[in-house]
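>>> next one to model:
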Amino acid sequence: RARDEAQATLAELGSHIQDDQQKLDALREAVADAEPRLELLQEGDLARQDALRDAETKLADWQQRGDTHGREQAEAARAGDVERTRIEHLDRQVFDADRRREQLGNERAGLDLDTLADAFAELQLQHETQKESLDTLGEQVELRKQATGEAQDQQRARQAELAELRKQAQAARGRLSSLETLQAAALGQEQGAATHWLKAQGLDDAARVGERLQVEAGWENAVEGALGQLIEAVLVDAPEALVDALGELGDGRLALVASAEDSGDEAYAPTSLAAKVQGPRAIRRLLARLHGVDTLADARALQANLGDGESVITRAGERLGAGWVRVVRSGAAKQGALLREKEIQSLRGEIEGHVTRERELESLLTRLRDQLLAAEQQREDAQRALYLAHRGVSELAGQLQSQQGKLESARNRIERIDAELAQLATSLETAQEQSREARQRVEQAVSRMGDLETARQALDAERRQLAEARDGARLAARESRDAAHALALTLE
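Presented below is the predicted three-dimensional model:
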């Protein structure tokens, strides 16, 4: 069995060898036939490769020329763009310069130096006028101050006078009170029984003879000595009507005198005491037969010539008659009742004058206070006016300084505007010149770009031809190479 399998395998191998030999023979015949053709194909391939290299060389040369042309064209376009950009920039400069020049022209037209100068001059005049008014207002303030001071001095003087007057009036009232007390004692107004009787008759407030007599100065003691107790007599309308009522008077001393005074028709001797007294008629008649002399020596000289019932009395009160002399010296309360009454009347008049003067001073002080208030108000008004004037001068000075600053600023601004306008004119002229030159360069660039465009079209046509030739040579070379390669593979 193994042998059979080996024999079978050998037989199969022999068959395969025979087939391979046949194929080898066929291949050798094919190779012998293909080798001449391969040589021909290789020679043709070399020629086609040379033609392809020549086409590619020509195309590379064109590419160099095309690149050079493209750079020139791009440079021309860039130059044109640069000049156009420059023109736009110059046009913008010209536009901005024109607008700025217009603005400056309008601004300069608005800077009216004449108006500003007139306003400055007017403010200066107002300032000077206001300053001159300060002196007048200052004088008015001083006058108002002086008037206020005078009013204050007058007020203080009247206040001091009023205080002194009140002090004097107080002293006078004290003195009057003391004198009235003494006078009441001297005139018997403190006698108990007589006082009760007078009160019962409604005569407790009736005046006494000593209160109504008006005696010539220096004769008070003489009159008082002559009247004696009658100085205390009560003045009534009709003493005889009260005779019956006197029965009701118990212990005491009382004298009644008719209060009627002379009508002016009765005449008394110039040397009599009646001529030196004004008062009730009954008292004057009593004093009519009593002559008054200055000294005791005069009394003795007149004594020898006295008539019946007449007597003489000195200023001191010594009384002499036909064959008699009387001297009366009373106690302190009894002495000087008439002088005291005169002082009382004087004090009453003085106090009344004080009261009147006090009222006048109070009224005057009221007016002075009103005048002082008015003067102080006028002073304050004058000071306020002066303050307002000072403030007005300060404000005008500030306005004047501000206006001067505006005027100087306007002048400086006009100078700067004129300088800038001159500079703008120069800049405009330069920009316009540069713009014209740039436009010329743009025109040159456009013309250059036109020429380059024509050259580019020719280059493009040449490129298409060279590319077609290269593509044809490349295709032929590829076909030839492929055929030779295929044949070479077949031979292998």
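>>> residue 398 versus the most centrally placed residue in the chain, what's the distance?
Nearest to the geometric centre of the chain sits residue 391, at 9.5 Å (C-alpha atoms, centre = their mean). For residue 391, the distance to residue 398 (C-beta to C-beta, to the nearest Å) stands at 10 Å. Glycine gets a C-beta too; all of them are placed from N, C-alpha and C.
>>> check the offset of the helix or strand where residue 425 lies from the chain's centre.
Assigned by DSSP states H and E, residue 425 belongs to helix 337-491. Distance of helix 337-491 from the chain centroid (C-alpha atoms, centre = their mean, to the nearest Å) equals 29 Å.
>>> and it, what does it pack onto?
Helix 337-491 makes packing contacts with helix 2-110, helix 113-186, helix 209-212, helix 220-227 when contacts are defined by 3 or more C-beta pairs under 8 Å, 6 or more residues apart in numbering; DSSP states H and E.
>>> now the very next helix or strand once past the third one: mean pLDDT?
Going down the chain from helix 209-212, the next helix or strand is strand 214-215, by DSSP H and E. For strand 214-215, the mean per-residue pLDDT is 83.
>>> how far out from the middle of the chain is strand 214-215?
The answer for strand 214-215 is 76 Å, by C-alpha atoms, centre = their mean.
>>> contact partners of it?
The contact list for strand 214-215, computed with C-beta atoms under 8 Å, 6 or more residues apart in numbering, reads 223, 276, 277, 278, 279, 338, 342.
>>> buried members of the residues you listed into PyMOL, please.
Only the buried entries of these go into this PyMOL selection, using 16 or more other C-beta atoms under 10 Å:
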select buried, resi 223+276+277+279+338+342
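>>> which one in the contacts of strand 214-215 is the model shakiest on?
Among the contacts of strand 214-215, residue 338 has the weakest pLDDT, 65.
>>> what about residue 405, neighbour count?
Per other C-beta atoms under 10 Å, the neighbour tally for residue 405 reads 10.
>>> same check, this time on residue 404
Residue 404, neighbours per other C-beta under 10 Å, totals 14.
>>> against residue 281, how distant is it?
101 Å.
>>> residue contacts, the nearest residue to residue 357 once chain neighbours are set aside?
Leaving aside its sequence neighbours, residue 357 sits nearest to residue 165 (C-beta to C-beta, 6 or more residues apart in numbering; 5.8 Å). Taking C-beta under 8 Å, 6+ apart, we find residue 165 in contact with 354, 357, 358, 361.
>>> pLDDT at residue 165, what is it?
pLDDT at residue 165 comes out at 83.
>>> from residue 176, how far off is it?
16 Å.
>>> do residue 393 as well
Applying C-beta to C-beta to residue 393 and residue 176 gives a distance of 66 Å.
>>> secondary structure of residue 204: a strand, I assume?
No - assignment of residue 204 by DSSP: H, G, I helix; E, B strand; the rest coil gives coil, placing it outside any strand.
>>> tell me, how many residues neighbour it?
13.
>>> what do you get for residue 198?
So residue 198, with other C-beta under 10 Å, has 20 neighbours.
>>> so where's the stretch 301-450 of the chain shaky on pLDDT?
328-339 (pLDDT under 70).
>>> list of residues touching the helix or strand hosting residue 325?
Following DSSP H and E, one finds residue 325 within strand 324-326. Strand 324-326 is contacted from outside by 318, 319, using C-beta under 8 Å, 6+ apart.
>>> partner strands of it and their direction?
When pairing is defined by DSSP bridges, strand 324-326 lines up against strand 319-321 (antiparallel).
>>> buried ones in the strand it pairs with?
319, 320.
>>> and the contacts of it?
Contacts of strand 319-321 (C-beta under 8 Å, 6+ apart): 225-226, 290, 299-300, 303, 306, 310-313, 325-327.
>>> okay, these in CSV with distance to residue 482 and neighbour count next?
What follows is these, written out as CSV (distance: C-beta to C-beta, whole Å; neighbours: other C-beta atoms under 10 Å):
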residue, distance to residue 482, neighbour count
225, 199, 23
226, 200, 23
290, 204, 23
299, 206, 22
300, 210, 15
303, 212, 19
306, 212, 16
310, 210, 17
311, 208, 19
312, 207, 25
313, 202, 24
325, 210, 13
326, 207, 14
327, 204, 12
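>>> re the thing from before, which one of the contacts of strand 214-215 sits closest to residue 201?
residue 279 (22.1 Å; C-beta to C-beta).
>>> touching, that closest one and residue 260? I think so.
No - Residue 279 lies out of contact with residue 260 (C-beta atoms under 8 Å); the separation is 10.5 Å.
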